[in-house]
Structure formats: structure tokens, C-alpha cells
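> Would you be able to build a 3D model of this:
(one chain, ligands or ions: 1)
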Amino acid sequence: MPTTTHSGVHEPPAAVSAVGLRKAYGDKTVLDGIDLRIPAGTVFALLGPNGAGKTTTVKILSTLVTADGGQAQVAGHDIATSPDGVRAAIGVTGQFSAVDGLITGEENMLLMADLHHLPKREGRRVTAELLERFDLTEAAKKPAQSYSGGMKRRLDIAMTLVGNPRIIFLDEPTTGLDPRSRHNMWQIVRELVADGTTVLLTTQYLEEADELADRVAVLNGGRIAAEGTPDELKRQIPGGHVRLRFSDPSAYLSAATALREVTRDDEALALQLPSDGSQRELRSILDWLDSAGIEADELTVHTPDLDDVFFALTGPDRPNQPKEAVR
Ligand SMILES: Nc1ncnc2c1ncn2[C@@H]1O[C@H](COP(=O)(O)OP(=O)(O)OP(=O)(O)O)[C@@H](O)[C@H]1O
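Numbering: from 1, shown residues only. This next block holds a predicted model:
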């Protein structure tokens, strides 16, 4: 993919790039031509409703499933011709967790160290260090099935890090976690990226994408409906408005009659005007209210958030929407 910016300066190398990825199960198209470019050392969020194809994308990029069409490189290795190179460079955690519940957290870690052919002493050192880092030292000798959801996810990530991967795929890392565990997981992701790791995460949570991701792709019905930084996405869609609230019904009614292009909320005595929230627009609204002698009791500015983006792009009447995504 081209990597030259307007100024002619080269962008950082892509840790993951994909062009035209396609996948169908039977006559059901799951991925319908996915393009991705994830610069090294960044967090990229694949956001989408149930059944959008997020896990399928991660499985293809991690060589667990083969694509029917398209190409992808991960850490410079082609997923089709060099799957071993890809596997050596990545760590995958998430819905298909590697944690064995019957053995202890420590044993899970040591098993991973064996799989990576670490010498025994080195395996024990790395295990102790990672268990400590993920706050699992106390629980190390207990069977993993006794761990809470948050502890299992932390163990899963710790196991992934035994191989020292430069690229990590996190498939819905915080689904089902309580708010504290979710925030812990976010902190873990931030620390990984601060160390130079590239993270591709899938999520159904807009807040998570907004918190963590440098770039977000909204996947819907097997296609990328939009891609950009969270701020770019928010700017792309309408949803910004100014809300005026009145306590005096007659002031409300005269404002509602005088203002065109407003949405009325007669119960709350509130009017909503489309606005990009810019200083210029706000000033003109205020000037107009003054000149019309209208005084609102409350004025609030709403700028679009990722929720607006998500709903605008993944609604049930969007094209290519699979039935599953409408549940
Ligand atoms: N092995 C398979 N055989 C048949 N259909 C499959 C298979 N794997 C996935 N699918 C279908 O592909 C579609 C996309 O699934 P995928 O798991 O990639 O979605 P997702 O975006 O990760 O959703 P979720 O958020 O629910 O995990 C779904 O309709 C799913 O039923």
C-alpha cells in the first residue's frame, strides 16, 4: 500500500496491512473486501455489532482461518505464504482463550514457555516476572478455573507475552468484565503500546475504541463502513446540535414557532437545532435569540460521539447488513 504522505515523508511501516480480504461460509459472505493498514506501535480498533466479521478478520490475520480472497501482511510476512513467520511475530488472546482451567496459572505460563522453547530457568524467570506484572502472583498456584473473568483475561495476556510478540490481537478483551477490570485491561493495553507493541483490538464498546485506539474501523456487514481517528469519525456524521430548554411554556412556543429546522420536545419544553458546535454558529444562534427577544433557561451543546457514528453506520437499514447484526 502507498505510504507517502502529502509532505513526501514516509509513514511508519505497517505492522499489519490487508487488501481485499474476503471470506464466505457456504453462501454467506462474512467478509466482503476488507482493507486495513495498522502502523507499527499503534492501537487499531475494529468496531462492529455482533456478527459483523470482527473475529473472522482476527482469525484470518492470525492464520487460524484462510481467506477466500485478498492479501495480508503481518510483521512483513504474507499470511498465505509465510504463516509460520506471522505466528512467530504475533500474540492472540480473546474469545478463543488459551487458558487451561484445570492447571494453575503458573503451570499455564510454564507450558507456554515450553511451547516457545525457552530454557527451563528462563521460562521460570519470565513466568514469575509476568505473573507479578499482571498481579497474579498470589493466585499463581491456584487452578485457573477458580480465577475471576478479569484474572483469566490477565493470565491470557500474560501467556501471550511469554513469546514477546511485537503485534497483539485482542479479540473483545473486555467483554463481560466489570468496570474496574475493564479499566485495568485498558491500562495493560496502554502499557503494551508504550513499549512499542502494535495492538489490533476488536470491540463492541465505543467507549473502549475512543479510549484506546489511534484509529478505528467500523465493520458492518463484512465491509468497512468508515475508518479514521475517533475524532475524524465523529466529524464525518451529523449529530451535533444545540439544545435550548425553557421553563416558560409561552417562551417555548414562540421560540418553536419562530425557529425553523428545529426538533421539538413538547414534554421537556426543549428545542434542538442542528449545529456543528463551532463558535461562529453558536454566536449566530445567540444573536438570533437576542434579536427575537427569546430567553432560554438552558443551552447545551452536543457534539457527536462515537455512539452517533456507530448508530449512523451500523443501523439495521444499512446496506449489506447481515440478519445476525440486527438482533
Ligand atoms: N466457522 C463458521 N461457520 C459458519 N459461519 C461462521 C463461522 N464463523 C463465523 N461464522 C459467521 O460469520 C459471521 C461473522 O462472525 P464473526 O464471529 O466474525 O463476527 P463478530 O463480528 O466477531 O461477532 P461477535 O461480536 O458476535 O463475536 C457470523 O454470522 C457468524 O455466524
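
> going forward, measure contacts and count neighbours with C-alpha atoms only.
Will do.

> which stretches of this structure form helices?
Using DSSP state H, the helices of the chain run over residues 54-61, 83-89, 105-115, 120-133, 149-161, 179-194, 206-212, 230-236, 249-258, 279-291, 306-314.

> Can you verify my assumption that residue 116 contacts residue 165?
No - using CA atoms under 8 Å as the test, residue 116 is too far from residue 165 to be in contact (11.3 Å).

> ok, now which ones touch the residue lying closest to residue 215 once chain neighbours are set aside?
Leaving aside its chain neighbours, residue 215 sits nearest to residue 229 (4.3 Å; criterion: CA to CA, 6 or more residues apart in numbering). Residue 229 sits next to 213, 214, 215, 216 when contact means CA atoms under 8 Å, 6 or more residues apart in numbering.

> measure residue 300 to the ligand for me?
Note on residue 300: its distance to the ligand, by CA to the nearest ligand atom, to the nearest Å, is 34 Å.

> quick one: that residue from residue 130, how far?
47 Å (CA to CA, to the nearest Å).

> neighbour-wise, which of the two wins?
Neighbours per residue (other CA atoms under 10 Å) separate residue 300 from residue 130, with residue 130 holding more: 22 against 12.

> Output the helices of the chain as TSV; include the columns mean pLDDT and distance to the ligand.
Formatted as TSV, the helices of the chain follow (pLDDT from 0 to 100; distance: least, CA to the nearest ligand atom, whole Å):
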stretch	mean pLDDT	distance to the ligand
helix 54-61	94	4
helix 83-89	93	20
helix 105-115	94	25
helix 120-133	95	28
helix 149-161	90	16
helix 179-194	89	17
helix 206-212	87	13
helix 230-236	80	19
helix 249-258	88	42
helix 279-291	86	39
helix 306-314	75	12
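
> Make CSV out of those and add distance to residue 41.
Putting the helices of the chain into CSV (distance: least, CA to CA, whole Å) gives the following:
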stretch, distance to residue 41
helix 54-61, 17
helix 83-89, 14
helix 105-115, 24
helix 120-133, 21
helix 149-161, 16
helix 179-194, 6
helix 206-212, 13
helix 230-236, 17
helix 249-258, 51
helix 279-291, 36
helix 306-314, 23
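
> Nearest to the ligand: which residue in the stretch 151-300 of the chain?
residue 204 (6.6 Å; CA to the nearest ligand atom).

> Quick check: that residue touching residue 172?
Yes - Residue 204 is within contact range of residue 172, at 7.4 Å (criterion: CA under 8 Å).

> nearest spatial neighbour of residue 171, skipping sequence neighbours?
Using CA to CA, 6+ apart and skipping residues adjacent in sequence, the residue nearest residue 171 is residue 94, 4.3 Å away.

> residues contacting residue 147?
Here residue 147 is in contact with residue 139 (CA under 8 Å, 6+ apart).

> Then residue 234?
Per CA under 8 Å, 6+ apart, neighbours of residue 234: 304, 305, 306, 308, 309.

> Please look at the last one and residue 237 and confirm they touch.
Yes - the pair residue 309 / residue 237 is scored as a contact, 6.3 Å apart, by CA under 8 Å.

> neighbours around residue 162, how many?
Using other CA under 10 Å, residue 162 is surrounded by 22 other residues.

> Distance check, the closest residue to it other than its chain neighbours against residue 46.
Spatially, and ignoring its direct neighbours in sequence, residue 162 is nearest to residue 113 (6.2 Å; CA to CA, 6+ apart). From residue 113 across to residue 46, the span is 30 Å (CA to CA).

> do residue 311 as well
Counting by CA to CA, the gap from residue 311 to residue 46 is 15 Å.

> One more: residue 18?
13 Å.
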